[in-house]
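1. build me a model from this:
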Amino acid sequence: MTKKEILFDEAMLQLENIVRQLEQGDVPLESAIELYQKGMELSKVCSDKLQKAEKQLVTFMDENKEDAGGVHE
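-> A predicted model of the protein is given here:
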């Protein structure tokens with residue numbers, strides 16, 4: 001996999017395609033190993049992106065709570 005930044009949706013599509021190929025069972029062993037390795041890399045990319053998005057949302061929500069907490073009517 002290249003160092004180029006891949007979008008979450010692209011990674012998920014590629015991962016789904018790999019799973020589909022592996023589930024068919026007619027992939028030669030060497031290709032299956034390569035597909036599995038690429039799938040694991042894509043899985044990590046997706047997981048990392050989800051964790052980053054979660055942290056951003058938590059930070060955003062915390063900032064909004066602080067902003068809302070300081071407003072009195």
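2. stretch 6-14: which residues count as buried?
-> Buried residues in stretch 6-14, counting neighbours by 16 or more other C-beta atoms under 10 Å, are found at 6, 11-12, 14. All C-beta spots, glycine's among them, are computed from the backbone N, C-alpha and C.
3. out of those, flag the one nearest to residue 45.
-> Residue 45 has its nearest neighbour among the buried residues of stretch 6-14 in residue 11, at 4.8 Å by C-beta to C-beta.
4. could you point out which element follows the host helix or strand of that closest one?
-> Assigned by DSSP states H and E, residue 11 belongs to helix 8-24. Sequence order places helix 29-69 as the next helix or strand after helix 8-24, per DSSP H and E.
5. could you give the angle of the helix holding residue 11 to helix 29-69?
-> 150 degrees (axes from the mean of the first three to the mean of the last three C-alpha atoms, to 10 degrees).
6. for helix 8-24, C-alpha coordinates in CSV please.
-> Presented in CSV, the C-alpha positions along helix 8-24 are these (Å, rounded to 0.1, in the frame of the first residue of the first chain):
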residue,chain,number,x,y,z
PHE,A,8,-12.1,6.2,4.7
ASP,A,9,-14.7,5.3,2.0
GLU,A,10,-12.1,4.2,-0.4
ALA,A,11,-10.4,2.0,2.2
MET,A,12,-13.7,0.4,3.1
LEU,A,13,-14.6,-0.3,-0.5
GLN,A,14,-11.2,-1.9,-1.1
LEU,A,15,-11.5,-3.9,2.1
GLU,A,16,-15.0,-5.2,1.1
ASN,A,17,-13.6,-6.2,-2.3
ILE,A,18,-10.8,-8.1,-0.7
VAL,A,19,-13.2,-9.9,1.7
ARG,A,20,-15.4,-10.8,-1.2
GLN,A,21,-12.4,-12.3,-3.1
LEU,A,22,-11.2,-14.3,-0.1
GLU,A,23,-14.7,-15.6,0.6
GLN,A,24,-14.9,-17.0,-2.9
